[in-house]
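*Asks:* Provide a 3D model corresponding to the input given below.
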Amino acid sequence: MHEPGDDAAQAAATPDNASVPPGLLTEIGQLGRAVKRLFGAQLHLLAAELGLARSAVSWMLLAGLAATVAGVGLGLSLLGLVGMLLAEWFGSWLWALLALVLLQGLFLLGSLLLFKRCMHWMSLPASRGEWRAMMHDTLGKARAKIDDEGEDGT
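*Replies:* Numbering: from 1, shown residues only. This is a model prediction of the structure:
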């Protein structure tokens, strides 16, 4: 049987069709599909860009390897040429090779000293002070954000 209280409960449970415009649900559905299509296109574009970047990195590594091989070959050729010229000048291959060892040792020592100087420049007190100030600023912002979130949550 049908009771009068059932009609009131059923009317309260179902939304009133007069409060929702007829085209609103259709527009919300279209908006959802458009957003899905947009983000799908963005994800497809991102995947394509990552594929290109991965390919570019591979080609860059290959080009770097080729440049290294060519540089080593050029260096060895120049050392051979310098060794031959020194052998002609000294009149002895032994003295030419010893002179090459001395030249390469000086070049290595100069490179190590330059590297050491660059490492010193990176650790100058002004740089440390700037680094310390940046870290304090970052920590201060993080603490302020945590405090703000703690106040909002309570």
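*Asks:* the longest helix in this structure is where?
*Replies:* helix 24-90 (DSSP state H).
*Asks:* in the helix or strand hosting residue 121, what's buried?
*Replies:* Per DSSP states H and E: residue 121 is located in helix 93-122. By neighbour count on 16 or more other C-beta atoms under 10 Å, the buried set for helix 93-122 is 96, 99, 100. All C-beta spots, glycine's among them, are computed from the backbone N, C-alpha and C.
*Asks:* quick check: residue 78 vs residue 104, distance?
*Replies:* 12 Å (C-beta to C-beta, to the nearest Å).
*Asks:* which stretches of the chain aren't confidently modelled?
*Replies:* 1-22, 124-127, 153-154 (pLDDT under 70).
*Asks:* in the chain, which residue is closest to the centre?
*Replies:* With distances taken as C-alpha atoms, centre = their mean, residue 53 lies nearest the centre of the chain, 11.6 Å away.
*Asks:* distance of that residue from residue 59?
*Replies:* Relative to residue 59, and taking C-beta to C-beta, residue 53 is found at 11 Å.
*Asks:* one more: residue 32?
*Replies:* For residue 32, the distance to residue 59 equals 41 Å [C-beta to C-beta].
*Asks:* equivalent analysis for residue 68, please.
*Replies:* The value you get for residue 68 to residue 59, if C-beta to C-beta is used, is 15 Å.
*Asks:* and residue 137, by the same measure?
*Replies:* On the measure of C-beta to C-beta, residue 137 and residue 59 end up 40 Å apart.
*Asks:* next: residue 40.
*Replies:* Counting by C-beta to C-beta, the gap from residue 40 to residue 59 is 29 Å.
*Asks:* just residue 38 next, same as before
*Replies:* 32 Å.
*Asks:* same check on residue 122?
*Replies:* 31 Å.
*Asks:* could you do residue 37 as well?
*Replies:* For residue 37, the distance to residue 59 - C-beta to C-beta - is 33 Å.
*Asks:* kindly report the same for residue 111.
*Replies:* To residue 59, residue 111 is 29 Å away according to C-beta to C-beta.
*Asks:* try residue 78
*Replies:* Counting by C-beta to C-beta - residue 78 and residue 59 are separated by 28 Å.
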